[in-house]
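In: what follows is a protein structure lacking sequence information:
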């Protein structure tokens, strides 16, 4: 199912729709890498990526930024020397949407090719 998510395109979300329920979010989460988790409040998903050097961390963060720009759906990136934490939520609806999981799946695909 991750491949299905990664092959989808984000749809513009300007509000007016309900965020995903915890049950819907859990179902979509099961399609992602096990490193993703849903926040306690159920409003965001997060995954941390580890790198041996700062240059790898920055390269990965830039690739994630390219995905964000291409999908017009932007995560919070927290970058330190060997770690890039990626967090998604859909601000316009105050919770999670399909877009968050689509982008996470695209990042999983990126990580598979860069973290080997």
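Out: Right, received. Where do you want to start? Every value quoted in this text rests on a predicted model; they were computed, and no experiment measured them.

In: alpha carbons only for contacts and neighbour counts from here, please
Out: OK.

In: for stretch 9-17, buried residues please.
Out: residue 10 (16 or more other Cα atoms under 10 Å).

In: now do it: distance from first to last residue.
Out: From its first residue to its last, stretch 9-17 covers 18 Å (Cα to Cα, to the nearest Å).

In: how far does that stretch sit from its chain's centre?
Out: The chain centre lies 16 Å from the centre of stretch 9-17; the measure is Cα atoms, centre = their mean, to the nearest Å.

In: least trustworthy helix or strand in this protein by mean pLDDT?
Out: Least confident helix or strand, the chain: helix 2-6 with a mean of 75, by mean pLDDT, DSSP states H and E.

In: show the subsequent helix or strand relative to that one.
Out: helix 22-29 (DSSP states H and E).

In: which other helices and strands contact that following helix?
Out: Packing partners of helix 22-29 (3 or more Cα pairs under 8 Å, 6 or more residues apart in numbering; DSSP states H and E): strand 37-38.

In: parallel or antiparallel, which strands does the strand it packs on pair with?
Out: strand 45-50 (antiparallel) (DSSP bridges).

In: next, the angle from the partner strand to helix 22-29.
Out: 30 degrees (axes from the mean of the first three to the mean of the last three Cα atoms, to 10 degrees).

In: what residues of strand 45-50 count as buried?
Out: 45-47, 49.

In: what about the residue most central in space within the chain, which SS state?
Out: In the chain, the residue lying closest to the centroid (Cα atoms, centre = their mean) is residue 104, at 3.0 Å. Under the three-state scheme (DSSP: H, G, I helix; E, B strand; the rest coil), residue 104 adopts helix.

In: for the remainder of this discussion, apply numbering that starts at 30.
Out: Understood, numbering begins at 30; the last thing we discussed is residue 133.
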